[in-house]
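K.L.:
When you get a sec, could you give me coordinates for this:
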Amino acid sequence: MRIGEIAAAVGLTTRAIRHYHHLGLLPEPARRPNGYREYGLREAILLARVRRLTELGLGLDEVRDVLADDVGRELTEVLAELDDDLARQEADIRARRERLAELLQMSREGLLPGEGPVSPGLAELFGRFSPAESATAAKDLEHLALFDATADPDRRDRIYQALSELADDPELAARLRELYARMDDIADASPDDPRVEPLGKDLAAIVPDDLLAALVHGGEGREDGSPARTDPGPGSAFGEAFLDDFAPAQAAAVREMLTVLTGRTGWTP
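P.N.:
Have a look, this model is predicted:
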C-alpha cells in the first residue's frame, strides 16, 4: 500500500503518518523503485494501535513508551496514570474512564493482547480464542485488532456477535482449532501443495451464514453513503496487503476460501 492507501485504511492522515515516522513511532518501510514508500499489514496494525492509544488520551511520548517496552506491564502502568488524571476531569469523559477501567482489569489478569487496547467486544473474543494455540490463530487476532480500529461500530458488533456464537459451539470451536493447525502445517509449503485447495474449501465451510451476511452487507459503505474505511477485497491494495501477511500457501488457501464464499453469496469482494 502507498501512504494514502494505508492512511485511509486506518483512519489517519498522511501528515500524521509522516509525523509518526519523524518521531520514530513508525519505522520507515521499504520503498518502491520509484521512491514511494510501500506499506504492508504490519505497518497498518502498528498505526491502528497508535491511533487507539492516542484516542484514549495518551500523549505520543507515552505511546512510544508503550510500544518500546513490555506491553502487559507498561500499558497497565500508563493506563493507571491516565485513569488518575481522568478522575479529576468533567463528567463528559466518564465513558472513557469506564472503558479504561475494563482495560486495567484485563491487564492485571493478563488478558490484554499485545495489539490492544481494543473494544469490549473484541476483548471478549480474545478471551475465548487463545492465540497461544496456533501461529495462524495469533495472526488472526492481530487482524481482528486492526479491524477493530477501522470498522464501523455497527458492522463490527454484528461480526463479533457471529464470532461469539461460533466460539460457543464446542463442535465448531474444535473444527476451528483443527483448521488453524492445518494452516500452520502449510506455512512452509508451496501454493500448489495439494493440501491448499481442500483447506480453502473447509475454511469457507465453517463460516456461518450470519457471519457471512455481516461481512457482505457491512462492506457496502456507511449509512451516510460514504465508502467503508477498509476495502478487504483481494483486488484492493489493503486486500493484497492482508494476503501478503500470510505465507504463500496460506494465502492461496485464503484465496480459495474467498472464491467459495463468493459463490455462496454472489458477492464480489
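K.L.:
C-alpha from now on. contacts and neighbour counts both.
P.N.:
Will do.
K.L.:
so how far is Ala68 from Pro198?
P.N.:
41 Å (CA to CA, to the nearest Å).
K.L.:
Enumerate every residue touching the residue nearest to Arg195 when sequence neighbours are not counted.
P.N.:
Sequence neighbours aside, Ile186 is the residue nearest to Arg195 in space, at 7.8 Å (criterion: CA to CA, 6 or more residues apart in numbering). Each residue near Ile186 by CA atoms under 8 Å, 6 or more residues apart in numbering is listed here: 195-196, 249-250.
K.L.:
Relative to Glu165, which of those is nearest.
P.N.:
Compare each of those with Glu165 using CA to CA and the shortest gap goes to Gln250, at 25.3 Å.
K.L.:
Just give me the neighbour total for the closest one.
P.N.:
27 (other CA atoms under 10 Å).
K.L.:
Repeat that for the one 3 residues further on.
P.N.:
Ala253: 28 surrounding residues under other CA under 10 Å.
K.L.:
tell me which residues in the helix or strand in which it is found are buried?
P.N.:
Using DSSP states H and E, Ala253 sits within helix 248-265. Neighbour counts over helix 248-265 (16 or more other CA atoms under 10 Å) mark 248-261 as buried.
K.L.:
Using JSON lines, lay out those together with distance to Ile3.
P.N.:
Output for those, formatted as JSON lines (distance: CA to CA, whole Å):
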{"residue": "Pro248", "distance to Ile3": "25"}
{"residue": "Ala249", "distance to Ile3": "28"}
{"residue": "Gln250", "distance to Ile3": "26"}
{"residue": "Ala251", "distance to Ile3": "23"}
{"residue": "Ala252", "distance to Ile3": "26"}
{"residue": "Ala253", "distance to Ile3": "28"}
{"residue": "Val254", "distance to Ile3": "25"}
{"residue": "Arg255", "distance to Ile3": "25"}
{"residue": "Glu256", "distance to Ile3": "29"}
{"residue": "Met257", "distance to Ile3": "29"}
{"residue": "Leu258", "distance to Ile3": "26"}
{"residue": "Thr259", "distance to Ile3": "29"}
{"residue": "Val260", "distance to Ile3": "32"}
{"residue": "Leu261", "distance to Ile3": "30"}
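K.L.:
Since that was my last question, I'll sign off now.
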